[in-house]
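In: need coordinates for the below:
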Amino acid sequence: MSTRAGSRSPAEPGHLPVMLEEVLTALKPASGETIIDGTFGGGGYTSAILKAAECRVLGIDRDLDAIMRAEKMAEANPRLVPLLGCFGDLDTLAEQAGYESVDGVVLDIGVSSFQIDQADRGFSFQKDGPLDMRMGGSGPSAADVVNRMSEKGLADVIFRLGEEKNSRRIARTLVARRAEAPFETTADLAAVVEEAVGGRRGARVHPATLTFQAIRMYVNDELGELARGLRAAERILKPGGRLVVVTFHSLEDRLVKQWLRQRAGAIPAGSRHMPLMSKGPKPAFELQENKAVQPSDKEVETNPRARSAKLRAAIRTNADAAQDEASDGMNLPPLTELERSR
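Out: Residues are numbered from 1 along each chain as shown. As a prediction, this is how the structure comes out:
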């Protein structure tokens, strides 16, 4: 399961922000600047940014629990502005709060350890709870997806977002089982998935890991949100502004990598056999590093949740923001179809 660590705070010990030193190095917060933390979570990045410089941080999260933590933190530090909403709308949220442009945007993608650790949020099979998984608390839940989606739709979700090779067999088993009784808990779903793939067979990782990851990503439209968030950051960053993205899953990192390369003008150079017909638009970003930055061995040793993290960063140029439509490239049925079928 791809997880981003929550943040260490006085009220919530034990949650460590991932690659904090690397994030601050790439973000370069300075006094008088305005930074957006698009995935506030437990406030680990925000707390460190506010300590690093006399700047202002707009802390965005769609999880009301996270915003309540932000509001508590803001009581002690008025340079933090909590904003409830999706980071895919970060430019609109900032503008509504009175900020037309910002100097930095940091995004920490995936589910937070706060959400994983709360059994009643239904994100984890390690702690039994209601089959929910909604970060924002609204819209179709994981139970709606598992109990009502077509067998083909379920198989596609599990294969494309979980990269689970047994997706067809798992979907077939889930559909057969729900005809007898609907799925209501995480433990129930995990047990049936485990049975569908023939048990653990000595594997260290639970057989339901990829299925849970896929359903969670689908319920929260995580890749779509990431695609929208990148474009929103492009629109609101000033020239010279820094974009820093930390991902925990290969699909997320691939999307960020390809989008940044395209926005930085890293297009194929062509050849004498196939010359380029025209130049692309003026680059909107300059890459800080060509390759993703990864956590140190020391950090992975002390915080195992950091082991799959990758950081990519870029600097905004003065080129106009592109007007293309955001897409995650997965071609999955929209969640709104489940809402309409209620």
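In: now the strands for the stretch 201-342 of the chain?
Out: Assigned by DSSP state E, counting those that start in this stretch, the stretch 201-342 of the chain shows strands spanning 237-247, 285-287, 310-316.
In: switch the ones you listed over to JSON lines; also include mean neighbour count and distance to Gly41.
Out: Every residue, glycine included, has its C-beta placed from N, CA and C. Below are those laid out as JSON lines (neighbours: other C-beta atoms under 10 Å; distance: least, C-beta to C-beta, whole Å):
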{"stretch": "strand 237-247", "mean neighbour count": "23", "distance to Gly41": "11"}
{"stretch": "strand 285-287", "mean neighbour count": "19", "distance to Gly41": "25"}
{"stretch": "strand 310-316", "mean neighbour count": "23", "distance to Gly41": "16"}
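In: what residue ranges in this structure score low on pLDDT?
Out: For the chain, the stretches with pLDDT under 70 are 1-15, 113, 115-116, 267-279, 340-342.
In: just to be sure, Met68 is in a helix?
Out: Yes. Going by DSSP: H, G, I helix; E, B strand; the rest coil, the assignment for Met68 places it inside a helix.
In: which residues touch it?
Out: With contact set as C-beta atoms under 8 Å, 6 or more residues apart in numbering, Met68 has no partners.
In: picking that back up, in a markdown table: the strands of the stretch 201-342 of the chain, plus distance to Phe40.
Out: Conversion of the strands of the stretch 201-342 of the chain to a markdown table gives the following (distance: least, C-beta to C-beta, whole Å):
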| stretch | distance to Phe40 |
| --- | --- |
| strand 237-247 | 14 |
| strand 285-287 | 24 |
| strand 310-316 | 18 |
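In: quick one: the helices in the stretch 51-200 of the chain?
Out: 64-76, 90-96, 113-117, 142-148, 151-162, 167-178, 186-196 (DSSP state H, counting those that start in this stretch).
In: so which of those helices is nearest Gln258?
Out: Shortest distance between Gln258 and the helices of the stretch 51-200 of the chain, using C-beta to C-beta, is found for helix 151-162: 16.2 Å.
In: for the closest one, which helices and strands make contact with it?
Out: Here helix 151-162 touches helix 142-148, helix 167-178, helix 209-219, going by 3 or more C-beta pairs under 8 Å, 6 or more residues apart in numbering; DSSP states H and E.
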